[in-house]
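**Q** pasting the structure only:
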(Lines give C-alpha, C1' and ligand atoms only; values in the text may rest on other atoms or scores of the structure.)
Protein backbone atom coordinates (compact mmCIF):
# COMPACT_ATOMS: atom_id res chain seq x y z
CA UNK A 1 0.00 0.00 0.00
CA UNK A 2 2.50 2.61 -1.16
CA UNK A 3 0.36 5.65 -0.41
CA UNK A 4 2.13 8.92 0.28
CA UNK A 5 0.64 9.22 3.75
CA UNK A 6 1.82 5.70 4.57
CA UNK A 7 5.34 6.52 3.41
CA UNK A 8 5.38 9.76 5.36
CA UNK A 9 4.22 8.01 8.51
CA UNK A 10 6.90 5.37 8.10
CA UNK A 11 9.55 8.10 7.72
CA UNK A 12 8.56 9.93 10.87
CA UNK A 13 7.66 6.88 12.97
CA UNK A 14 10.18 4.16 12.26
CA UNK A 15 9.86 1.26 14.69
CA UNK A 16 6.24 1.87 15.72
CA UNK A 17 3.80 -1.00 15.15
CA UNK A 18 0.73 1.21 15.35
CA UNK A 19 -0.30 4.70 16.27
CA UNK A 20 -3.35 6.42 17.63
CA UNK A 21 -4.91 9.73 16.66
CA UNK A 22 -8.06 11.52 17.72
CA UNK A 23 -10.17 12.26 14.65
CA UNK A 24 -12.44 14.49 16.71
CA UNK A 25 -13.42 14.93 20.32
CA UNK A 26 -15.63 11.87 19.91
CA UNK A 27 -13.58 9.31 17.96
CA UNK A 28 -10.19 7.70 18.58
CA UNK A 29 -8.58 6.05 15.55
CA UNK A 30 -5.87 3.45 16.17
CA UNK A 31 -4.11 2.35 13.00
CA UNK A 32 -2.17 -0.75 12.08
CA UNK A 33 -2.97 -3.10 14.94
CA UNK A 34 -1.44 -6.44 14.00
CA UNK A 35 -3.96 -9.22 14.52
CA UNK A 36 -2.01 -12.09 12.97
CA UNK A 37 1.00 -13.03 10.86
CA UNK A 38 1.14 -15.51 8.01
CA UNK A 39 4.79 -16.18 7.28
CA UNK A 40 6.31 -12.74 6.80
CA UNK A 41 2.93 -11.13 6.06
CA UNK A 42 1.61 -8.91 8.85
CA UNK A 43 -2.19 -8.70 8.91
CA UNK A 44 -3.51 -5.49 10.43
CA UNK A 45 -6.70 -3.68 11.31
CA UNK A 46 -7.69 -0.10 12.09
CA UNK A 47 -9.92 0.57 15.09
CA UNK A 48 -12.39 3.43 15.42
CA UNK A 49 -13.72 3.88 18.95
CA UNK A 50 -16.23 6.60 19.94
CA UNK A 51 -15.87 8.19 23.34
CA UNK A 52 -18.32 7.55 26.14
CA UNK A 53 -20.60 4.53 26.18
CA UNK A 54 -19.97 2.37 23.12
CA UNK A 55 -22.95 0.54 21.69
CA UNK A 56 -22.88 -3.19 21.09
CA UNK A 57 -22.08 -4.87 18.84
CA UNK A 58 -18.53 -4.12 17.72
CA UNK A 59 -18.57 -3.89 13.91
CA UNK A 60 -15.94 -5.71 11.86
CA UNK A 61 -15.82 -4.03 8.45
CA UNK A 62 -14.62 -5.85 5.32
CA UNK A 63 -13.64 -3.67 2.35
CA UNK A 64 -14.43 -4.45 -1.26
CA UNK A 65 -12.25 -4.45 -4.36
CA UNK A 66 -13.15 -7.57 -6.38
CA UNK A 67 -11.22 -9.68 -3.83
CA UNK A 68 -7.98 -8.44 -5.39
CA UNK A 69 -7.77 -4.77 -4.37
CA UNK A 70 -8.81 -2.36 -1.62
CA UNK A 71 -7.49 -1.73 1.87
CA UNK A 72 -8.65 -1.17 5.44
CA UNK A 73 -8.49 2.61 4.98
CA UNK A 74 -11.53 2.27 2.68
CA UNK A 75 -13.94 2.45 5.62
CA UNK A 76 -17.30 4.14 4.86
CA UNK A 77 -19.02 3.61 8.24
CA UNK A 78 -17.99 6.87 9.89
CA UNK A 79 -21.62 7.82 10.46
CA UNK A 80 -22.15 4.62 12.46
CA UNK A 81 -19.11 5.45 14.57
CA UNK A 82 -20.66 8.86 15.22
CA UNK A 83 -23.76 7.00 16.39
CA UNK A 84 -21.72 5.18 19.02
CA UNK A 85 -20.57 1.95 17.34
CA UNK A 86 -16.92 0.92 17.39
CA UNK A 87 -15.60 -0.30 14.03
CA UNK A 88 -12.60 -2.51 13.27
CA UNK A 89 -11.68 -2.27 9.58
CA UNK A 90 -9.57 -5.25 8.55
CA UNK A 91 -7.01 -5.89 5.89
CA UNK A 92 -6.84 -9.43 4.54
CA UNK A 93 -4.73 -11.24 1.98
CA UNK A 94 -5.94 -10.35 -1.50
CA UNK A 95 -6.48 -12.95 -4.20
CA UNK A 96 -3.30 -11.96 -6.05
CA UNK A 97 -1.31 -12.91 -2.96
CA UNK A 98 -3.28 -15.92 -1.73
CA UNK A 99 -6.33 -17.55 -3.35
CA UNK A 100 -9.60 -18.38 -1.64
CA UNK A 101 -10.20 -19.24 1.17
CA UNK A 102 -7.19 -17.36 2.60
CA UNK A 103 -9.13 -14.10 2.99
CA UNK A 104 -11.88 -15.87 4.95
CA UNK A 105 -9.29 -17.41 7.27
CA UNK A 106 -7.82 -13.93 7.85
CA UNK A 107 -11.14 -12.26 8.66
CA UNK A 108 -12.05 -15.00 11.10
CA UNK A 109 -8.61 -14.59 12.71
CA UNK A 110 -9.35 -10.86 13.13
CA UNK A 111 -12.63 -11.65 14.89
CA UNK A 112 -10.91 -14.07 17.25
CA UNK A 113 -8.17 -11.51 17.94
CA UNK A 114 -10.71 -8.82 18.78
CA UNK A 115 -12.48 -11.15 21.19
CA UNK A 116 -9.20 -11.98 22.91
CA UNK A 117 -7.53 -8.55 22.89
CA UNK A 118 -10.19 -5.93 22.23
CA UNK A 119 -10.19 -4.64 25.78
CA UNK A 120 -6.47 -3.92 25.46
CA UNK A 121 -7.42 -1.46 22.72
CA UNK A 122 -10.21 0.39 24.47
CA UNK A 123 -13.18 -1.86 23.73
CA UNK A 124 -15.39 -2.48 26.74
CA UNK A 125 -17.43 -5.33 25.21
CA UNK A 126 -15.89 -7.81 22.79
CA UNK A 127 -18.46 -10.56 23.27
CA UNK A 128 -20.89 -9.25 20.66
CA UNK A 129 -19.60 -8.71 17.13
CA UNK A 130 -21.33 -7.88 13.86
CA UNK A 131 -19.78 -8.11 10.41
CA UNK A 132 -20.39 -5.62 7.60
CA UNK A 133 -18.94 -5.59 4.10
CA UNK A 134 -19.30 -3.90 0.73
CA UNK A 135 -19.20 -5.58 -2.71
CA UNK A 136 -16.63 -8.39 -2.52
CA UNK A 137 -16.41 -7.48 1.17
CA UNK A 138 -20.17 -8.00 1.42
CA UNK A 139 -19.72 -11.49 0.01
CA UNK A 140 -16.93 -12.22 2.50
CA UNK A 141 -18.96 -10.78 5.38
CA UNK A 142 -21.93 -13.02 4.56
CA UNK A 143 -19.69 -16.05 4.09
CA UNK A 144 -17.91 -15.50 7.40
CA UNK A 145 -21.25 -14.93 9.10
CA UNK A 146 -22.89 -18.18 8.00
CA UNK A 147 -19.89 -20.52 8.35
CA UNK A 148 -19.12 -20.57 12.05
CA UNK A 149 -17.46 -23.91 12.74
CA UNK A 150 -16.95 -24.89 9.08
CA UNK A 151 -13.46 -26.40 9.28
CA UNK A 152 -12.37 -25.57 5.72
CA UNK A 153 -13.17 -21.92 6.31
CA UNK A 154 -12.08 -21.46 9.92
CA UNK A 155 -8.39 -21.92 9.12
CA UNK A 156 -5.53 -21.74 11.59
CA UNK A 157 -4.43 -18.13 11.15
CA UNK A 158 -3.47 -16.22 14.29
CA UNK A 159 -2.75 -17.17 17.89
CA UNK A 160 -6.28 -16.97 19.31
CA UNK A 161 -7.66 -20.20 17.93
CA UNK A 162 -9.60 -20.99 21.10
CA UNK A 163 -11.77 -17.91 20.58
CA UNK A 164 -15.00 -18.03 18.56
CA UNK A 165 -15.17 -16.51 15.08
CA UNK A 166 -18.97 -16.33 15.18
CA UNK A 167 -20.89 -13.08 14.75
CA UNK A 168 -24.33 -12.04 15.93
CA UNK A 169 -25.44 -10.18 12.78
CA UNK A 170 -24.45 -9.59 9.14
CA UNK A 171 -24.84 -6.64 6.79
CA UNK A 172 -23.96 -7.21 3.14
CA UNK A 173 -23.96 -4.14 0.91
CA UNK A 174 -24.28 -5.17 -2.76
CA UNK A 175 -22.35 -8.39 -2.14
CA UNK A 176 -22.25 -11.76 -3.90
CA UNK A 177 -23.99 -14.80 -2.44
CA UNK A 178 -23.72 -17.56 -5.04
CA UNK A 179 -20.47 -17.90 -6.99
CA UNK A 180 -22.03 -20.67 -9.07
CA UNK A 181 -24.78 -18.48 -10.51
CA UNK A 182 -23.24 -15.01 -10.49
CA UNK A 183 -21.81 -15.03 -14.02
CA UNK A 184 -25.11 -16.07 -15.55
CA UNK A 185 -26.70 -13.01 -13.90
CA UNK A 186 -23.95 -10.50 -14.70
CA UNK A 187 -24.34 -7.84 -17.39
CA UNK A 188 -21.88 -7.81 -20.32
CA UNK A 189 -20.26 -4.69 -18.85
CA UNK A 190 -19.98 -6.35 -15.47
CA UNK A 191 -18.33 -9.45 -16.94
CA UNK A 192 -15.23 -7.38 -17.68
CA UNK A 193 -14.66 -7.15 -13.92
CA UNK A 194 -16.39 -10.24 -12.61
CA UNK A 195 -14.80 -12.96 -14.78
CA UNK A 196 -11.14 -12.12 -14.13
CA UNK A 197 -11.88 -11.44 -10.47
CA UNK A 198 -13.46 -14.86 -9.97
CA UNK A 199 -10.76 -16.55 -12.04
CA UNK A 200 -8.10 -15.12 -9.74
CA UNK A 201 -10.08 -15.76 -6.56
CA UNK A 202 -10.74 -19.44 -7.27
CA UNK A 203 -7.84 -20.32 -9.53
CA UNK A 204 -10.29 -20.77 -12.39
CA UNK A 205 -13.82 -19.79 -13.32
CA UNK A 206 -16.61 -21.29 -11.20
CA UNK A 207 -17.50 -23.96 -13.76
CA UNK A 208 -13.89 -25.16 -13.67
CA UNK A 209 -13.71 -24.98 -9.85
CA UNK A 210 -17.22 -26.11 -8.80
CA UNK A 211 -16.26 -27.35 -5.33
CA UNK A 212 -14.44 -24.13 -4.43
CA UNK A 213 -17.25 -22.05 -5.93
CA UNK A 214 -19.76 -23.88 -3.74
CA UNK A 215 -17.54 -23.58 -0.66
CA UNK A 216 -17.33 -19.85 -1.33
CA UNK A 217 -21.09 -19.36 -1.72
CA UNK A 218 -23.00 -18.18 1.38
CA UNK A 219 -26.22 -19.70 0.00
CA UNK A 220 -24.65 -23.16 0.31
CA UNK A 221 -24.01 -22.81 4.05
CA UNK A 222 -27.18 -21.28 5.50
CA UNK A 223 -28.80 -23.32 8.24
CA UNK A 224 -30.80 -22.89 11.43
CA UNK A 225 -29.07 -20.73 13.98
CA UNK A 226 -27.32 -18.41 11.53
CA UNK A 227 -27.34 -14.73 12.54
CA UNK A 228 -29.83 -12.09 11.34
CA UNK A 229 -28.98 -10.67 7.94
CA UNK A 230 -29.49 -7.26 6.35
CA UNK A 231 -28.97 -6.95 2.60
CA UNK A 232 -28.72 -3.57 0.86
CA UNK A 233 -28.51 -3.65 -2.93
CA UNK A 234 -29.26 -1.39 -5.87
CA UNK A 235 -31.62 -2.92 -8.41
CA UNK A 236 -29.59 -1.46 -11.31
CA UNK A 237 -26.18 -2.69 -10.15
CA UNK A 238 -24.11 -3.40 -13.30
CA UNK A 239 -21.30 -5.21 -11.49
CA UNK A 240 -22.80 -7.30 -8.67
CA UNK A 241 -26.17 -8.65 -9.80
CA UNK A 242 -29.16 -7.66 -7.66
CA UNK A 243 -30.30 -11.28 -8.05
CA UNK A 244 -27.47 -12.30 -5.73
CA UNK A 245 -29.19 -10.62 -2.78
CA UNK A 246 -32.54 -12.06 -3.85
CA UNK A 247 -31.01 -15.55 -3.77
CA UNK A 248 -29.60 -15.17 -0.27
CA UNK A 249 -32.81 -13.63 1.00
CA UNK A 250 -34.80 -16.59 -0.37
CA UNK A 251 -32.47 -19.14 1.26
CA UNK A 252 -32.70 -17.31 4.59
CA UNK A 253 -36.49 -17.21 4.38
CA UNK A 254 -36.65 -20.93 3.56
CA UNK A 255 -34.58 -21.62 6.69
CA UNK A 256 -36.91 -19.44 8.78
CA UNK A 257 -34.13 -17.00 9.63
CA UNK A 258 -34.50 -13.22 10.12
CA UNK A 259 -33.57 -11.35 6.94
CA UNK A 260 -34.25 -7.93 5.45
CA UNK A 261 -33.55 -6.72 1.92
CA UNK A 262 -33.41 -2.98 1.37
CA UNK A 263 -33.60 -2.23 -2.34
CA UNK A 264 -32.10 1.03 -3.57
CA UNK A 265 -34.25 1.92 -6.62
CA UNK A 266 -31.97 2.64 -9.57
CA UNK A 267 -28.94 2.08 -7.32
CA UNK A 268 -25.67 1.22 -9.00
CA UNK A 269 -22.58 -0.41 -7.49
CA UNK A 270 -22.06 1.74 -4.42
CA UNK A 271 -22.42 5.47 -4.00
CA UNK A 272 -23.39 7.97 -1.32
CA UNK A 273 -26.98 6.72 -1.25
CA UNK A 274 -25.76 3.56 0.49
CA UNK A 275 -24.41 5.57 3.41
CA UNK A 276 -26.78 8.52 3.67
CA UNK A 277 -28.67 9.36 6.85
CA UNK A 278 -31.63 7.12 6.01
CA UNK A 279 -29.46 4.09 5.22
CA UNK A 280 -27.24 4.69 8.25
CA UNK A 281 -30.31 4.78 10.50
CA UNK A 282 -31.57 1.53 8.98
CA UNK A 283 -28.24 -0.17 9.60
CA UNK A 284 -28.05 1.15 13.16
CA UNK A 285 -31.60 -0.03 13.92
CA UNK A 286 -30.83 -3.47 12.50
CA UNK A 287 -27.61 -3.80 14.53
CA UNK A 288 -29.30 -2.69 17.75
CA UNK A 289 -32.27 -4.99 17.21
CA UNK A 290 -30.08 -8.00 16.42
CA UNK A 291 -27.88 -7.30 19.43
CA UNK A 292 -30.87 -6.98 21.75
CA UNK A 293 -32.28 -10.24 20.41
CA UNK A 294 -28.94 -12.03 20.90
CA UNK A 295 -28.63 -10.63 24.41
CA UNK A 296 -32.15 -11.80 25.25
CA UNK A 297 -31.41 -15.33 24.02
CA UNK A 298 -28.24 -15.44 26.13
CA UNK A 299 -30.14 -14.41 29.25
CA UNK A 300 -32.88 -16.95 28.53
CA UNK A 301 -30.29 -19.76 28.34
CA UNK A 302 -28.94 -18.78 31.76
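**A** On my side now, so go ahead. Values in this document were obtained by computation on a predicted structure and should not be read as measured data.
**Q** in this protein, which ranges drop under the pLDDT threshold?
**A** Scanning the chain for pLDDT under 70 picks out 1-25, 295-302.
**Q** 90 instead, please
**A** Within the chain, the stretches with pLDDT under 90 are 1-26, 51-53, 122, 124-125, 189-190, 293-302.
**Q** kindly list the longest strand within it.
**A** Assignment by DSSP state E gives strand 27-38 as the longest strand of the chain.
**Q** what packs against that one?
**A** Under the contact definition 3 or more C-beta pairs under 8 Å, 6 or more residues apart in numbering; DSSP states H and E, strand 27-38 sits against strand 19-22, strand 41-50, helix 102-117. C-beta here means a position set from N, CA and C on the backbone, and glycine is covered the same way.
**Q** okay, these in TSV with distance to residue 288 and mean neighbour count next?
**A** Below are those laid out as TSV (distance: least, C-beta to C-beta, whole Å; neighbours: other C-beta atoms under 10 Å):
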stretch	distance to residue 288	mean neighbour count
strand 19-22	26	11
strand 41-50	15	20
helix 102-117	19	25
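**Q** wait, doesn't residue 147 sit right on residue 221?
**A** Yes - the pair residue 147 / residue 221 is scored as a contact, 5.1 Å apart, by C-beta atoms under 8 Å.
**Q** how about the longest strand of the chain: buried residues?
**A** 27, 28, 29, 30, 31, 32, 33, 35, 36, 38 (16 or more other C-beta atoms under 10 Å).
**Q** pick the one among those residues closest to residue 276.
**A** residue 27 (19.6 Å; C-beta to C-beta).
**Q** enumerate every residue touching the closest one.
**A** By C-beta atoms under 8 Å, 6 or more residues apart in numbering, residue 27 lies in contact with 48, 49, 50, 51, 81, 82.
**Q** okay, now residue 26: neighbour count?
**A** Residues contacting residue 26 under the criterion other C-beta atoms under 10 Å number 13.
**Q** and the strands in the stretch 101-250 of the chain?
**A** 129-134, 169-173, 229-234 (DSSP state E, counting those that start in this stretch).
**Q** so what are the sheet partners of the first one and their directions?
**A** In this case it means strand 129-134. strand 55-62 (parallel), strand 169-173 (parallel) (DSSP bridges).
**Q** where's residue 97 relative to residue 107, distance?
**A** Distance of residue 97 to residue 107, given as C-beta to C-beta, to the nearest Å: 15 Å.
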